[in-house]
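Colleague: after the sequence you'll find the predicted model.
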Amino acid sequence: MIIPNKIILGLGTGRCGTLCLSDFLKQQPHMALCTHEHLKWKWYEDSSNINIDSFKRYAAFSNSTVADIGSFLLPHARKISEFFKETKIIVLQRYKEETIQSWMCWTNKVHNYWVPHTKGMWENDAWDPMFPTFDLEEFPKEDAISAYYDFYYEECKKLKNYFNVLWIKTEDLDDYNNRKNICEFCGFDLLKCKLNIPCKKNKGHRKAK
């Protein structure tokens with residue numbers, strides 16, 4: 001069974017504007033449904049476990065465009081595409097040092113999503129499974145985030161072999177011409193698009209539990 005609509009997947013490391021992109025697409029009249037981190041799968045979860053039931057929320061929007069934006073969709077993009085007639089991908093990339101510092105501010109001092117937790121140095125967190133891990137448990141957390149950043153965008157480059165991919169710099173998300181590019185990429189009628197709209201931006205710190 002295939003859901004007969006187009007899906008736009010928004011990818012990026014996190015702390016890179018995914019909420020802003022989601023809010024922009026959500027306000028476009030051509031977008032039947034745009035969610036942020038709805039299709040929430042663990043990074044290492046076997047993609048073969050993804051089935052038609054995962055997309056029930058989208059099934060009502062036959063012959064329409066839907067979207068989901070989330071960092072952890074990256075390893076599952078090819079599997080997701082099996083359930084839609086067309087899949088397009090938007091990759092957001094923020095400057096590396098800004099991304100690292102944003103993650104450092106966002107995460108608690110006791111959490112490090114990007115390393116295995118075998119030495120008792122970091123507390124477990126519900127978000128740990130949503131990220132790849134690197135053998136950097138005893139290194140500064142900045143090193144682990146840096147490794148994640150490099151790995152993530154190398155994996156994104158491989159998607160160009162399978163999908164139409166639009167690569168956007170985070171700092172250009174508010175630019176009028178780049179908003180036009182996003183809408184054209186999604187196949188929207190520009191005359192009906194809302195290009196000069198404010199969009200939500202996640203600037204806060206994560207609250208300690």
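Modeller: Great, that's in hand.
Colleague: which residues of this protein fall in helices?
Modeller: Using DSSP state H, the helices of the chain run over 18-26, 56-59, 77-81, 96-106, 141-158, 176-186.
Colleague: chain center to the first one, what's the gap?
Modeller: Right, the one you point to is helix 18-26. How far helix 18-26 lies from its chain's middle: 11 Å, per C-alpha atoms, centre = their mean, to the nearest Å.
Colleague: return the set of buried residues in the worst-scoring helix or strand of the chain on mean pLDDT.
Modeller: Using mean pLDDT, DSSP states H and E, the weakest-scoring helix or strand in the chain turns out to be helix 56-59, at a mean of 90. Neighbour counts over helix 56-59 (16 or more other C-beta atoms under 10 Å) mark residue 58 as buried. Every C-beta, even on glycine, is put in place using the N, C-alpha and C of the backbone.
Colleague: coming back round to it: which of the helices of the chain has the lowest average pLDDT?
Modeller: Of all these, mean pLDDT reaches its minimum on helix 56-59 (a mean of 90).
Colleague: most tightly packed of the helices of the chain?
Modeller: Mean neighbour count (mean count of other C-beta atoms under 10 Å) peaks for helix 18-26 among those, with a mean of 22.
Colleague: taking helix 176-186 as reference, get the angle to that one.
Modeller: Put simply, helix 18-26 runs at 70 degrees to helix 176-186, going by axes from the mean of the first three to the mean of the last three C-alpha atoms, to 10 degrees.
Colleague: hmm, who's touching the least confident helix or strand of the chain?
Modeller: 3, 5, 7, 33, 35, 38, 66 (C-beta atoms under 8 Å, 6 or more residues apart in numbering).
Colleague: give me that answer again for 6 Å
Modeller: By C-beta atoms under 6 Å, 6 or more residues apart in numbering, the surrounding residues in contact with helix 56-59 are 3, 66.
Colleague: can I get the CA coordinates of it in CSV?
Modeller: Output of helix 56-59 as CSV, limited to C-alpha atoms (Å, rounded to 0.1, in the frame of the first residue of the first chain):
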residue,chain,number,x,y,z
LYS,A,56,-1.8,7.0,9.2
ARG,A,57,-1.8,10.7,10.0
TYR,A,58,-0.9,11.5,6.4
ALA,A,59,-3.3,9.0,4.7
